[in-house]
Structure formats: C-alpha cells, structure tokens
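Q: Sharing a model that was predicted from the sequence below.
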Amino acid sequence: MQSRGEKSGLSPRDKGLISIVAFVIVVLLMLAAITFMFRIDNIVVKGSSSYSSDDIVAAADIEPGKNLLTVDTGAVAKRVQDRLFNVESVKVSRSLLHSIVVDVEPAEPVANFITPKAVYIISAGGKVMLITDKARAGLYNVVGAEPSPMLLTGDRFTSNDSRKDKVIFELIDGIRASDTLVAKNVTLIDVQSFSNLKITYDNRIDIVLGSVSELDYKLNSASDRMPRYDGMEGMLKFQTDPSKSSFIDKAGLDYNEQVYQSNIESYRAETSVTVEGEEGAGEGEEEEPEEETAVRME
C-alpha cells in the first residue's frame, strides 16, 4: 500500500525545497508590503526660518522613496544644522503617513564677538552665524572672547580658554533675561577675564561684576545706583561681597592713571640710576609700584 507522499510523487527533499521557496516568497511579500507601507512620500517642514522649504529639504538630503524606518533622524538633523547657518536647532521625526517631519528653529543673532581680525556674529544658542569685518547694529558687542583659531561659520562657538565658554553665555543670557535699567542699556561686554567680567552702561560707566555668580543681584543693585551718577562717567566695582561696591568718577580714574604712570616712571628712573651706579648688584625682577586709588565705598 502506497503512502500519501508516494502517491503525490514528491520526495522529502522536494517537499523541503518547496517549503523554503514558500517561506522566501512570504518574506519577500512582507518586505514589499513594509516598503510600500513605510515608504517616504513626503517631507514636511515646520517652524520658521529664513530658508525656503526647498532649501531645508535639500539640506536634509533624504532619498525619495526611502524606507521611513531606516532613516537616521539624528543624522538628518545634523545635516540641516551644519549646512544652514541661520538654523539654530532641528528636530526630525517620523509620521506614519509616509512622511518625515523636519521642525526648524531659526538662529537669532544676539552678539558681535569683536576681535582684532574679525567680527563673529553669534546666535542665542552659541552658533557662529557669520564671520565678517563689521559689527552688526542692535547686537551686544563683546570683547575678550578669544575665539578658537579654527572656528568656522556654522560651528558652535568655542574660546581658546574653555573656561570662558559657559561663563560668556551665562552672562549674555542673564543680561537678556533681565529687565533692569542696566541690562537694557549695556553697550559693551568685556570677558577678557572669565573671573573678572565687566560691562559698560550707556557708554559711560564701566561696571566690574567680578564672577558671573549672583548676576541678577548685581544688575539690580547697579540699576538702583545709576540715578546717582546721572550724566557722570566712571567705574562701579563690586567687591567679593556683592552687597558692597565702590564708585569712582572719571576725574578720579584719570588722576589714578596719572599717579600710576608717574610712579612707574619714577621707579624705572630710580632703578636705572641704581643699576648704573652699583656694579655687581644682585639681579632681581623689576617690581612695579602699586596703583593708588580714590574710591567711594557704598
């Protein structure tokens, strides 16, 4: 009596091959279905920007018809940010409606980082939007930032002194967020020393903040004092204790500078006479005299 396999005329090997072929066909059909179901048919651009949707789509560089599930959204976002200098941040997400969504946040210029060789236009998020030879009106003017020599347009700003990077933007952000009299009338920001920050109020009063700590208190305190110095030029300096400060007007600053320069000249003259008159005198480093100051404590 013949078995069912013998009746059908199929050997076990043939049956195995048929099973494999059937499995491959099913897998291919599934892949085709997935490819069709998750094919990218559209790229949706959201947010506002100075760039057109076509510019952003071109920067995203997504192959038409590509499988939605295989798109590296992080890589797409980075391409857009790197290629479009006026874009601050990009979020890329998938939509089940055969779409990739590119949400763009425009870069907002907030500061001119002024150096002897160039001016770096910096965004609120710290992006180098432009390297030029002319400061842009309406932005904070910052000196002493010391940009890294290899910095290019589109890069995130970095300084030669990495300790400055965070401090610089903490200071700018703090000034932008403040509604005080001083914050609204800052005409220069000096970050030459990250631990001895300075700002200029109304082009006439230098305010020595020291560190960036307790910035809100210092801005409020300085603003409370400004009416006393209406029309005056000078310097307001905060002490280690921010509740204490000293003010010296321009006449006092000029006098101190004259005294300082006079002392230096006298010291150098005396040193020169001593060296010429005393052969074999011990060598030592030249020490400059301390600056005399006339300040009003408050």
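A: Yes, it's here. Quantities reported herein were computed from a predicted structural model and do not represent experimental measurements.
Q: Surely residue 171 forms part of a helix?
A: Yes: counting by DSSP: H, G, I helix; E, B strand; the rest coil, residue 171 is found in a helix.
Q: For it, list the residues it contacts.
A: 189, 191, 197, 209, 212, 215 (CB atoms under 8 Å, 6 or more residues apart in numbering). For glycine as for every other residue, the C-beta is placed from the backbone atoms N, C-alpha and C.
Q: for the protein, what helix or strand is lowest in average pLDDT?
A: Every helix and strand in the chain was compared by mean pLDDT, DSSP states H and E; the lowest is strand 296-297, with a mean of 46.
Q: what sits opposite residue 245 in the beta ladder?
A: Applying DSSP bridges to residue 245 gives these bridge partners: residue 238.
Q: pLDDT score assigned to it?
A: What the model reports for residue 245 is a pLDDT of 88.
Q: Ok, residue 30 next?
A: So residue 30 comes in at 58 (pLDDT).
Q: What separation do you get for the residue lying closest to residue 204 once chain neighbours are set aside and residue 249?
A: Counting by CB to CB, 6 or more residues apart in numbering, residue 204 lies nearest to residue 233, which is 4.4 Å off, once chain neighbours are set aside. Using CB to CB, to the nearest Å, residue 233 is found at 7 Å from residue 249.
Q: Please apply the same query to residue 124.
A: 35 Å.
Q: returning to what we had before: how about the contacts made by the residue nearest to residue 204?
A: Counting by CB under 8 Å, 6+ apart, residue 233 touches 204, 205, 249, 250.
Q: can you pull the contacts of the first one?
A: Put plainly, it is residue 204. 232, 233, 234.
Q: Give the helix, strand or coil label for the closest residue to residue 164 other than its chain neighbours.
A: Excluding its sequence neighbours, the residue lying closest to residue 164 (CB to CB, 6+ apart) is residue 194, at 4.6 Å. At residue 194 the chain is in coil, as set by three-state DSSP.
Q: quick one: residue 194 and residue 161 touch, right?
A: Yes: look at residue 194 against residue 161 with CB atoms under 8 Å: they come within range, at 6.9 Å.
Q: ok, of the contacts of residue 233, which come out buried?
A: Buried members of the contacts of residue 233, counted by 16 or more other CB atoms under 10 Å: 205, 249.
Q: Okay, and which of the contacts of residue 233 map to helices?
A: Mapping these onto helices (DSSP state H) picks out residue 250.
Q: JSON lines please, covering the contacts of residue 233 and showing distance to residue 182.
A: As requested, the contacts of residue 233 are exported to JSON lines (distance: CB to CB, whole Å):
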{"residue": "204", "distance to residue 182": "12"}
{"residue": "205", "distance to residue 182": "9"}
{"residue": "249", "distance to residue 182": "18"}
{"residue": "250", "distance to residue 182": "18"}
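Q: Widest-spaced pair of the contacts of residue 233?
A: 204 and 249 (10.4 Å; CB to CB).
Q: before we move on, back to that, narrow the contacts of residue 171 to those in helices?
A: Judged by DSSP H, the contacts of residue 171 include residue 215 as members of helices.
Q: what's the most distant pair in the contacts of residue 171?
A: 191 and 215 (13.0 Å).
Q: Between these two, tell me which one has more neighbours.
A: When residue 191 and residue 215 are compared for neighbours, residue 191 comes out ahead with 23 against 20, by other CB atoms under 10 Å.
Q: That one and residue 144 touch, don't they?
A: Yes: judged on CB under 8 Å, residue 191 makes contact with residue 144 at a distance of 4.6 Å.
Q: State the number of residues packed around residue 161.
A: Applying other CB under 10 Å, we find 16 residues neighbouring residue 161.
Q: contacting residues for it?
A: Counting by CB under 8 Å, 6+ apart, residue 161 has contacts 146, 194.
Q: This completes my enquiry, with thanks.
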